[in-house]
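Participant: coords below, sequence missing:
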């Protein structure tokens, strides 16, 4: 009888490990933090001049209108609400630590939302897009002048509050947390898109002019 009880306990422990491990992977995997880019790297925070040529700077970011792509059954206000909630929570984290809040950038919003839309529609999750461009190329090609850039990505599925789930993951990750609490950044935009299966994609771009 004693051996049977021991075997039962061992099986329960193994089952618990089997259940918990995938859950941890699910929480940790869908988070990516880009390195901080500076225009005169490697000296972060000193700024510099954007040397992109004028022709590239005038390229229009390929989204359908100011609201971003509309290929979705989800109402636009749902996307906007998630973006606003996420920005408020990001600034709450900064305020709580005595760091200046981030100013919303209407210039970065179409880029961030479009990138979330691309990840949702084209089924990829990376700081590098299918054309091989990182956030620094995407921002520069839109004509925005910048000194320092950073980017956080996340996606969430099955959570009642996708903003809270993504923010919790970001704050538990050293790279994401550093971007959120970096006092060098003074502007940001968070772009959200919701895929057909309900997965919510977040792209936050951090910037210092």
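Facilitator: That came in fine, so what should we check first? Keep in mind that this is a model prediction, so the values were computed, not measured.
Participant: Now the residue lying closest to residue 202 once chain neighbours are set aside: which helix or strand?
Facilitator: Using C-beta to C-beta, 6 or more residues apart in numbering and skipping the chain neighbours, the partner closest in space to residue 202 is residue 154 (4.5 Å). Quick note: C-beta positions are derived from backbone N, CA and C, even for glycine. Per DSSP states H and E, residue 154 falls inside strand 148-156.
Participant: Can you identify the element that follows that strand toward the C-terminus?
Facilitator: helix 162-171.
Participant: what's that following helix packed up against?
Facilitator: strand 31-33, helix 76-95, strand 148-156, helix 174-181, strand 200-208 (3 or more C-beta pairs under 8 Å, 6 or more residues apart in numbering; DSSP states H and E).
Participant: Let's see that with 6 Å instead.
Facilitator: On a contact count with 3 or more C-beta pairs under 6 Å, 6 or more residues apart in numbering; DSSP states H and E, helix 162-171 meets helix 76-95, strand 148-156.
Participant: Can you mark which positions in the first one are buried?
Facilitator: By neighbour count with 16 or more other C-beta atoms under 10 Å, helix 76-95 contains the buried residues 79, 82, 83, 85, 86, 87, 89, 90, 91, 93, 94.
Participant: Ok, stretch 157-167 next?
Facilitator: Quick answer for stretch 157-167 (16+ other C-beta under 10 Å): 162, 163, 165, 166, 167.
Participant: now, among these, which is nearest to residue 143?
Facilitator: residue 166 (28.7 Å; C-beta to C-beta).
Participant: so what's the closest one up against?
Facilitator: 154, 156, 202 (C-beta atoms under 6 Å, 6 or more residues apart in numbering).
Participant: Going by neighbour count, which of those residues comes out on top?
Facilitator: Neighbour counts for these (other C-beta atoms under 10 Å) peak at residue 202, which has 29 neighbours.
Participant: can I assume that one is in contact with residue 152?
Facilitator: No. Assessed by C-beta atoms under 6 Å, residue 202 is found out of contact with residue 152, at 7.5 Å.
Participant: Find the helix or strand that residue 145 is a member of.
Facilitator: Going by DSSP H and E, residue 145 is not part of any helix or strand.
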